[in-house]
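Peer 1: kindly generate the corresponding structure for this input.
(4 chains)
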Number of protein chains: 2
Amino acid sequence: MIVDRNSPIPQYYQLQNWLIEQIDLGVFKPGERIPTEEELVRITGLCRATVRQAISNLANLAYLKPRRRFGTFVLERNPDDRKKSIIGIMVPDIRSGCSSELARGAEDEAARNKHSIVLCNTDDLFFKAEYYADRLIKEHVTGVIYVPIADTEEKNRTIIERFRQHDIPVVLADRILPDLEIDYVTTDNFYGAYAITKHLLKKGHRRIAIIYNGLVSSERFRFEGYCKALQDNRIPLDESLISNPQTLFTEQVYSKSVLKILKQRKDHLAVFAAHDQIALLFYSIAREKKLSIPEDLSLVGYDNLPQIRAFSFGLTTIHQPIYEIGRKSIHVILSRLRDKRVKPKQIVLKSWLVERHSVQDLGVLRRNRRYSQTA
Amino acid sequence: MIVDRNSPIPQYYQLQNWLIEQIDLGVFKPGERIPTEEELVRITGLCRATVRQAISNLANLAYLKPRRRFGTFVLERNPDDRKKSIIGIMVPDIRSGCSSELARGAEDEAARNKHSIVLCNTDDLFFKAEYYADRLIKEHVTGVIYVPIADTEEKNRTIIERFRQHDIPVVLADRILPDLEIDYVTTDNFYGAYAITKHLLKKGHRRIAIIYNGLVSSERFRFEGYCKALQDNRIPLDESLISNPQTLFTEQVYSKSVLKILKQRKDHLAVFAAHDQIALLFYSIAREKKLSIPEDLSLVGYDNLPQIRAFSFGLTTIHQPIYEIGRKSIHVILSRLRDKRVKPKQIVLKSWLVERHSVQDLGVLRRNRRYSQTA
DNA sequence: TAAGTACATTTGTCCAGACAAATATTTCTT
DNA sequence: AAGAAATATTTGTCTGGACAAATGTACTTA
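Peer 2: Numbering: from 1, shown residues only, chains lettered A, B, ... in the order given. Alright, predicted model coming up:
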């Protein structure tokens, strides 16, 4: 019996389900005709209006296509067509920093999995992040890669909450919100910063300045790694060597930090720029002041951006596998789509030191001096 | 009279149109209730089933939302909601060259018009371009910004043809296919190259080498501009100073070109790198060979890429308004969506010389020499 | 044989009416 | 006064029937 007249389920709805079932079972194949309305009336015992209601609903859902005089046909349906396969990616600005590398990693992996990437540039601004969240929700994206904006944790939570309300999985990339139960992919910023600070210490540096952006989690972790390395070597923190503009990265603001640090220069100073763009800015300002690196100043960065890599001035820095973060983020989203209930995947990728020529080896100098003194 | 019973137009359809009209006129406002079915029966003289058919169709089209017991309500509707609003952008690689600037310009303008951008990286490869064309067609994008791949015109036509078959408008950005009746946005490469070559000539240079990529239209035009400038100054082309690897830009291949050009160095040589990335490669190889710019060699580029701008070594180059190309491309697509039949919009933006410090003024040297000789 | 005509089939449009289900409001009961 | 029950309203489901429109097929006619 196709339709149970005593069931509380509407009869047209029962018929709909039966039709879909027959299609799924292959009884009615794509391109073929289903029974005529009159036949269905006979089969089900319903009246024609009810049969028509079922058929018209399924036509609206793109299962069936009625053709006058010929009958009603099962539509060819590409299973990919019915489900969306778009993933949003919200980065600060595709033109700068790691964003393009991240986007490329995500895009490659998405393409491999027959998904597409919608690009959003937040400029680290809350109102833009809000706008794009709404847009992505409207586009019915299947998931979102979100690089948290350089703002309060609360604002970032607001953004994430919007997606959650629509049951859209979010994975944080690069920057994270430590207190949140959420998927993320990042790198070991603490140990990276620890390693590069230790590298400076090994080279004999004792006065190590740092410029970092306190608004982003990754750089806060880097600052902590820096502190720990100094602490482990019994070097007290020197506030005058720490600059932490609580604003977005802009040349104007960060130039001031650079100048402030440069004022502290006596003997040899090492500077840890918590990301490569700060390092680059530092380099160009130092150059203007006729200071050579590494002769007059040592400088290290963080990121190993390809744009900076191409420079002939060799910056010692920490390499972050940003492309890999993009790839992995897509993985995480796709696996979350398969299984919503699994506990958050929090992936921390390894980064490593890339030694180039921007750090002076004071140990050698000192040893040489000592040697020449004793000679 | 709302419904004309003698009209060949179905009565439910007439009622639908009337309802939509009332909504558009503001008689029935979003969030408010339309007349009950019983009232509509009275007003129209139709039977309730017919009224219901009209209402259910409009409910399917997201105009109305019936609520049992309360009536039927007009939905708050963003007119943009009903239609798709995704535009594909196919660039070689978001990480390099102008792609990110182009994408950002497009994305900003798209956002302003409540559209989204799907990112595709072709790597200048035909099979990837094919793949993404199919993907974008499947996603039912409303339009495509296509940066032609560095390959034959025929292959690019194939890609464009696929979109045309699905009635998806395509706008070429940056690179163009001159013989095609199609929308495009580009810059005046010929005059840009003419201007920068003339700039070198003005500075007293007579031996001007060029390295360019013959696979992309823009650089072919630049080569032509270079030739014209030399010709206008009665300087014969010197084949040994022209390098045109017929391959994609890679460091390995282009390094050979750079070395080939460097071999031709006697007296002072000027080099026109047809895009900034070649200039950067040239610079780093020259630096390895302990050659200074502009003292030993003059160098000019093309693009004025932000990544290069940030360098402290100041490259004289041609600024291209790439961001603007992205913005304008979106404009063109949106206007084409409004009116399919209008003739192709072919927009050529102005670019201009940005003079920095990578060109030696030989005129000054010569004048000085002459002066010292006469003295 | 070719063109036109009638026919049969199937979906499309429309009507008149009945009862069900949801739910705010009113009335009744305790 | 609080809770329960009845009521009224509106959409939801369903019946049974009629004619219209589209269109392939079979038949008729010149």
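
Peer 1: contact partners for A:Ile86?
Peer 2: Contacts were defined as CB atoms under 8 Å, 6 or more residues apart in numbering or on different chains; by that measure A:Ile86 touches A:His115, A:Ser116, A:Ile117, A:Val118, A:Glu139, A:His140, A:Val141, A:Thr142, B:Ile86, B:Val118, B:Glu139. C-beta here means a position set from N, CA and C on the backbone, and glycine is covered the same way.

Peer 1: could you redo the last one with a cut-off of 10 Å?
Peer 2: Listed by CB atoms under 10 Å, 6 or more residues apart in numbering or on different chains, the contact set of A:Ile86 reads A:110, A:115-118, A:136, A:139-143, B:86, B:116, B:118, B:139.

Peer 1: and it, how far from B:Val141?
Peer 2: 10 Å (CB to CB, to the nearest Å).

Peer 1: what touches both of these two?
Peer 2: A:Ser116, B:Ile86, B:Ser116, B:Val118.

Peer 1: out of the residues you listed, what pair is the most spread apart?
Peer 2: A:Ser116 and B:Ser116 (10.2 Å; CB to CB).

Peer 1: ranges for the strands of the stretch 51-200 of chain A?
Peer 2: Remark: strands assigned in the stretch 51-200 of chain A by DSSP state E, counting those that start in this stretch are A:64-67, A:71-74, A:86-91, A:116-121, A:143-146, A:170-173, A:183-187.

Peer 1: give the burial count for the closest residue to A:Ile87 other than its chain neighbours, as a bare number.
Peer 2: What sits nearest to A:Ile87 in space, not counting adjacent residues and going by CB to CB, 6 or more residues apart in numbering or on different chains, is A:Gly143, at 4.9 Å. Neighbour count for A:Gly143, taken as other CB atoms under 10 Å in any protein chain shown: 26.

Peer 1: thought A:Gly143 was touching A:Phe163?
Peer 2: Yes - between A:Gly143 and A:Phe163 there is a contact under CB atoms under 10 Å: 8.7 Å.

Peer 1: list residues touching both of those two?
Peer 2: Common neighbours of A:Gly143 and A:Phe163 (CB under 10 Å, 6+ apart) are A:Gly88, A:Leu136, A:Pro169, A:Val170.

Peer 1: check contacts around the residue minimising distance to the centre of chain A.
Peer 2: Centroid check for chain A by CA atoms, centre = their mean gives A:Ala173 as the closest residue, at 2.9 Å. Residues in contact with A:Ala173 (CB under 10 Å, 6+ apart) are A:89-91, A:98-99, A:102-103, A:105-106, A:144-148, A:183-186, A:322, A:325-326, A:328-330, A:332, A:347.

Peer 1: now do A:Arg112
Peer 2: Applying CB under 10 Å, 6+ apart, the residues contacting A:Arg112 are A:Arg327, A:Ile330.

Peer 1: still on that earlier bit, I'd like the shared contacts of A:Ile86 and B:Val141 laid out as CSV, including pLDDT.
Peer 2: Shown next, in CSV, are these (pLDDT from 0 to 100):
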residue, pLDDT
A:Ser116, 95
B:Ile86, 93
B:Ser116, 95
B:Val118, 97
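
Peer 1: now, of these, which are buried?
Peer 2: Among these, those classed as buried by 16 or more other CB atoms under 10 Å in any protein chain shown are A:Ser116, B:Ile86, B:Ser116, B:Val118.

Peer 1: what's across from the second one in the sheet?
Peer 2: B:Ile86 forms beta bridges with B:Ser116, as assigned by DSSP bridges.

Peer 1: picking up where we left off before, quick check, nearest of the shared contacts of A:Ile86 and B:Val141 to DNA strand D?
Peer 2: B:Ile86 (31.6 Å; CB to the nearest atom of the strand).

Peer 1: beta-bridge partners for the residue nearest to the centre of chain A, please?
Peer 2: Note on A:Ala173: beta-bridge partners A:Val185, judged by DSSP bridges.

Peer 1: ok, now A:Tyr146?
Peer 2: Bridge pairing for A:Tyr146 - DSSP bridges - gives A:Met90, A:Leu172.

Peer 1: for it, give its distance to DNA strand C.
Peer 2: 36 Å (CB to the nearest atom of the strand, to the nearest Å).

Peer 1: equivalent analysis for A:Thr158, please.
Peer 2: Here the criterion is CB to the nearest atom of the strand. By it, A:Thr158 lies 31 Å from DNA strand C.

Peer 1: ok, now which ones touch that residue?
Peer 2: Applying CB under 10 Å, 6+ apart to A:Thr158 gives the contacts A:Phe126, A:Ala129, A:Glu130, A:Ala133, A:Thr152.

Peer 1: which of the residues you listed sit farthest apart?
Peer 2: Pairwise over these, using CB to CB, the maximum falls at A:Ala133 and A:Thr152, 16.1 Å.

Peer 1: could you pull out the helices for chain A?
Peer 2: Ranges of helices in chain A, per DSSP state H, are A:11-25, A:37-44, A:48-60, A:79-82, A:99-112, A:126-138, A:153-165, A:189-202, A:217-232, A:251-263, A:276-288, A:306-309, A:322-338, A:362-374.

Peer 1: hang on, A:Ile149 packs against A:Ala133?
Peer 2: No - using CB under 10 Å, A:Ile149 is not in contact with A:Ala133, being 11.1 Å away.

Peer 1: which neighbours do those two share?
Peer 2: A:Met90, A:Thr122, A:Ile159.

Peer 1: just the residues you listed now: which is nearest DNA strand D?
Peer 2: Of those, the one sitting nearest to DNA strand D (CB to the nearest atom of the strand) turns out to be A:Ile159, at 34.8 Å.

Peer 1: quick check, pLDDT for A:Arg77.
Peer 2: We note a pLDDT of 68 for A:Arg77 in this prediction.

Peer 1: please apply the same query to A:Lys83.
Peer 2: 59.

Peer 1: with A:Ile322 instead?
Peer 2: The predicted local confidence for A:Ile322 is 96.

Peer 1: neighbours of it, how many?
Peer 2: 27.

Peer 1: may I see the buried ones among the shared contacts of A:Ile86 and B:Val141 arranged in a markdown table, with distance to A:Leu259 as well?
Peer 2: As requested, those are exported to a markdown table (distance: CB to CB, whole Å):
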| residue | distance to A:Leu259 |
| --- | --- |
| A:Ser116 | 45 |
| B:Ile86 | 46 |
| B:Ser116 | 41 |
| B:Val118 | 43 |
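
Peer 1: list the contacts of A:Leu262.
Peer 2: Applying CB under 10 Å, 6+ apart, the residues contacting A:Leu262 are A:Ala209, A:Leu269, A:Val271, A:Phe282, A:Ile285, A:Ala286, A:Lys289, A:Leu291, A:Leu297.

Peer 1: give me the buried entries from those residues.
Peer 2: By 16+ other CB under 10 Å, those give A:Ala209, A:Leu269, A:Val271, A:Phe282, A:Ile285, A:Ala286, A:Leu291, A:Leu297 as buried.

Peer 1: which one of the residues you listed sits closest to B:Ala229?
Peer 2: Proximity of those to B:Ala229 (CB to CB) peaks at A:Ile285, which lies at 37.0 Å.
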